[in-house]
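Student: for reference, the sequence and a predicted model appear below.
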Amino acid sequence: MKLVILDRDGVINEDSDDFIKSADEWNAIPGSLEAIVKLNHAGYQVIIITNQSGIGRGLFDIQSLNSIHDKMLTQLSALGGQIDAILFCPHLPDDACECRKPLPGLFNQLKQRLNITLDGIPAVGDSLRDLQAATTAGATPVLVKTGKGLNTLAQSEHVNKSIPVFESLLDFVNDYLKHSRD
């Protein structure tokens with residue numbers, strides 16, 4: 001199966017320490033939507049796995065999250081792309097759920113839904129918890145410098161040196177598609 005897993009905030013759209021709480025606050029990182037279109041056109045399914053604790057914090061509700069995703073999907077569709085599924089964790093860090101990254105619960109749900117392993121499947125994120133969840137689930141973690149990526153890289157003692165690092169999602173996709181054809 002040709003599949004790529006993406007985190008949302010900081011990978012596809014600009015991130016905020018105050019959370020992305022509405023569609024008005026959601027802004028694509030330049031080139032990120034085009035990167036997803038390139039993956040789609042190369043035959044890849046694209047799945048988003050994202051923590052959305054703003055719901056648990058009461059900063060926004062599920063309708064607001066749906067509006068944010070509608071904006072993202074509409075902009076992506078206008079370019080000829082799509083997201084095949086969005087899996088999200090609405091819980092707080094202290095809720096002890098299995099689905100909040102760095103735990104691999106949502107990755108494991110994806111494996112069960114698709115009846116696959118994630119061996120060799122890239123999972124692109126901008127935070128240490130993204131990398132940890134991907135690794136634990138058996139996916140191939142990839143770090144981008146957008147969002148919190150530079151801060152994550154600055155904590156290099158926690159980042160495995162074998163994890164590939166790219167400037168942006170678009171840079172990753174260009175490199176990945178180039179090498180997947182070889």
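Tutor: Now that the structure is in, tell me what you want to look at.
Student: where does pLDDT dip in the chain?
Tutor: Counting by pLDDT under 70, the chain has low-confidence residues at 181-182.
Student: longest strand in it, by number of residues?
Tutor: Ranked by residue count and defined by DSSP state E, the top strand of the chain is strand 45-51.
Student: who does that strand pair up with?
Tutor: strand 3-6 (parallel), strand 85-89 (parallel) (DSSP bridges).
Student: how about a markdown table for these, with distance to residue 127 and mean neighbour count added?
Tutor: Any C-beta I mention is one placed from the backbone N, CA and C, and that applies to glycine too. Formatted as a markdown table, the strands paired with strand 45-51 follow (distance: least, Cβ to Cβ, whole Å; neighbours: other Cβ atoms under 10 Å):
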| stretch | distance to residue 127 | mean neighbour count |
| --- | --- | --- |
| strand 3-6 | 13 | 25 |
| strand 85-89 | 13 | 18 |
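Student: now do the helix or strand that the longest strand of the chain is followed by: distance to the chain's middle.
Tutor: Next helix or strand after strand 45-51 toward the C-terminus (DSSP states H and E): helix 62-78. Its chain's C-alpha centre and that of helix 62-78 lie 15 Å apart, by Cα atoms, centre = their mean, to the nearest Å.
Student: one more: stretch 143-162?
Tutor: 15 Å.
Student: CA atoms only: put stretch 139-157 into CSV for me.
Tutor: Extracted in CSV, the C-alpha atoms of stretch 139-157 (Å, rounded to 0.1, in the frame of the first residue of the first chain):
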residue,chain,number,x,y,z
ALA,A,139,6.4,3.5,10.9
THR,A,140,9.4,5.5,9.6
PRO,A,141,9.6,8.8,11.4
VAL,A,142,10.4,11.9,9.4
LEU,A,143,11.1,15.4,10.9
VAL,A,144,10.3,18.7,9.2
LYS,A,145,11.7,22.0,10.4
THR,A,146,8.4,23.8,10.1
GLY,A,147,6.1,24.3,13.1
LYS,A,148,8.0,23.1,16.2
GLY,A,149,10.6,21.2,14.1
LEU,A,150,13.5,23.6,14.7
ASN,A,151,12.9,23.4,18.5
THR,A,152,12.6,19.6,18.2
LEU,A,153,15.9,19.5,16.3
ALA,A,154,17.5,21.8,19.0
GLN,A,155,16.7,19.0,21.4
SER,A,156,18.9,16.8,19.3
GLU,A,157,19.9,14.6,22.2
